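**Student:** could you work out the structure for the sequence below:
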Amino acid sequence: MGGFFAQIIMKIGETFFKNTDFIYYGIRKGKVKLETEASFVRAHPPELGKMLIKGDVDIAPASSIIYAKHFRQLYILPDFSISAKGETGSILIFSEASEIEELSGKTIATPATSASSVALLEIILKEKGIDAEIVRGVEPDLEKMLSHYEAALLIGDDALKEAYNKPELLLLDLGTAWYELTGKKMVYALWLLNSPEAGKIYNALNESRRYAKKNFDRVVEDLAEKASLPQEYLSAHLRKLEFNLNEDALDGLEEYFILAEKHGIINEIPDLRFTEVL
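**Tutor:** Next up, the predicted model:
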């Protein structure tokens, strides 16, 4: 596929999650202008990764593990990610068990809405020597998941809502487990492109991110209303996240790829191919 600047309309991927809605808020509300015509395509991060590879979108926040599996076809937009140092409040294991070690020999249901988090779960289980079976592609409905399996992974808005409504079933925040294991940040998603030019989209995304941070309370109030969550609850979640890709985040990303390769999740540790910012 050719560079997206050769196209009339740039196709921009976005997720169903409030953390990426936060970044796009300024653009979507018309506070930040794109310097090119664009259409938006909403899907979950793994699906956005597939769409990038097929050329159905030009840029999208996609699972970081998708980049590792297809790094020769994709590029990373500099300085953008969904990452955290420790707990996120939105990458969660639910179970009636009281310790993660109790899940050895048990089943953990995981949804198709995330690839990075499922890989992260697999890494944590193997590093801890917990022999649990990961069941993939289960509908992200906590009640149904726990009626068939001993534990369930939920991410994003699904995790936020269930943690708020059923805190007694919350077993583990995978961000916390990762930090305890490595002492590093975890990078869940990267803004990926299928051609090397970033240029105008970088500038607009940067301005949109700046707008959301400057108007944090107002933006969160709007997003919380759409998510049917208390504003202070969503605010606490978003404050745990970082949206850049600094040296600490890159260090954590490298560790994640090293352990993913160690445990056979990816075949090789990828090179980091960044776009040029014009």
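**Student:** spell out the secondary structure type for residue 81.
**Tutor:** Of the three states, residue 81 takes strand according to DSSP: H, G, I helix; E, B strand; the rest coil.
**Student:** all helices of the stretch 51-200 of the chain, in order?
**Tutor:** Along the stretch 51-200 of the chain, counting by DSSP state H, counting those that start in this stretch, helices occupy 64-69, 116-128, 142-148, 156-165, 174-182, 199-214.
**Student:** state the distance from residue 138 to residue 263.
**Tutor:** 21 Å (Cβ to Cβ, to the nearest Å). C-beta coordinates here come from the backbone N, C-alpha and C atoms, glycine included.
**Student:** same question for residue 225.
**Tutor:** 41 Å.
**Student:** repeat for residue 14
**Tutor:** Separation of residue 14 from residue 263 (Cβ to Cβ) stands at 31 Å.
**Student:** circling back: between residue 138 and residue 263, which is the more surrounded one?
**Tutor:** Neighbour count, other Cβ atoms under 10 Å: between residue 138 and residue 263, residue 138 has more, with 18 against 14.
**Student:** was I right about that one contacting residue 113?
**Tutor:** No: with contact taken as Cβ atoms under 8 Å, residue 138 and residue 113 are classed as non-touching, separated by 10.2 Å.
**Student:** low pLDDT regions in the stretch 151-278 of the chain?
**Tutor:** Within the stretch 151-278 of the chain, the ranges that satisfy pLDDT under 70 run 197-200, 278.
**Student:** one more pass at 80, please.
**Tutor:** Residues of the stretch 151-278 of the chain meeting the criterion pLDDT under 80: 196-200, 277-278.
**Student:** tell me, how many residues neighbour residue 53?
**Tutor:** So residue 53, with other Cβ under 10 Å, has 18 neighbours.
**Student:** need the pLDDT of it.
**Tutor:** On pLDDT, residue 53 comes in at 94.
**Student:** so how far is residue 68 from it?
**Tutor:** Plainly put, residue 53 is 13 Å away from residue 68 if you go by Cβ to Cβ.
**Student:** if I pick residue 192, what's in contact with it?
**Tutor:** Residues near residue 192 by Cβ atoms under 8 Å, 6 or more residues apart in numbering: 49, 52, 59-62, 66-67, 74-77.
**Student:** mind running it again at 7 Å?
**Tutor:** By Cβ atoms under 7 Å, 6 or more residues apart in numbering, the residues touching residue 192 are 52, 60, 62, 67, 74-76.
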